[in-house]
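Visitor: Predicted model and sequence follow; I will ask about them next.
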Amino acid sequence: MTWLATTGSTAPFVGLLGTVWGIYHALIRIGASGEASIGAVAGPVGEALIMTALGLGVAIPAVLAYNFFNRSNHKINSRFDEFAHDLHDFFATGSRVEAVHMGKAGK
């Protein structure tokens, strides 16, 4: 979970760093050559866009997986909590206690 959260939150910034780096190299190339043609700019900017896409391509699945596992953990914890309360009620009264859970009569 920690790895997924870290990956999901940092990967877009790594992609953004690649974008800035590519545009920086495009500007250096323009300054060195003295020409602002599409040929001088297209390569580095294309690489920058690929880095952005890769960053998002890593971040989006990581965030989706994190959300899936986080939801699964909450559901399991909720079921354990409900079981613990039912067990406590059983030990406290000596019999099963019918309770209303979220609008539904006992299970």
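Guide: It's in. Numbers count the residues shown, from 1 in each chain.

Visitor: Which strands or helices does the longest helix anywhere in the chain pack on?
Guide: Longest helix in the chain by number of residues, with DSSP state H as the criterion: helix 38-93. Where contact means 3 or more C-beta pairs under 8 Å, 6 or more residues apart in numbering; DSSP states H and E, helix 38-93 is packed against helix 2-33. C-beta coordinates here come from the backbone N, C-alpha and C atoms, glycine included.

Visitor: Against which helices or strands is the helix it packs on packed?
Guide: helix 38-93.

Visitor: starting at the chain centroid, how far to the helix it packs on?
Guide: 4 Å (C-alpha atoms, centre = their mean, to the nearest Å).

Visitor: still on that earlier bit, now the angle from the longest helix of the chain to helix 2-33?
Guide: For helix 38-93 against helix 2-33, the angle by axes from the mean of the first three to the mean of the last three C-alpha atoms, to 10 degrees is 170 degrees.

Visitor: If you average the pLDDT over helix 38-93, what comes out?
Guide: For helix 38-93, the mean per-residue pLDDT is 87.

Visitor: Now residue 4: closest residue in space that isn't a chain neighbour?
Guide: residue 66 (4.0 Å; C-beta to C-beta, 6 or more residues apart in numbering).

Visitor: Could you verify my assumption that that neighbour touches residue 6?
Guide: No: between residue 66 and residue 6 no contact is recorded; they are 9.5 Å apart, counting by C-beta atoms under 8 Å.

Visitor: quick one: which of these two has more around it?
Guide: Neighbours of residue 66 and residue 6, each counted by other C-beta atoms under 10 Å, are more numerous for residue 66; the result is 19 against 12.

Visitor: okay, which residue of this structure is out on the far edge from center?
Guide: When distances to the mean C-alpha position of the chain are computed (C-alpha atoms, centre = their mean), the maximum falls on residue 94, with 46.0 Å.

Visitor: Phi and psi next, for that one.
Guide: phi 90, psi 0 (degrees, to the nearest 10).
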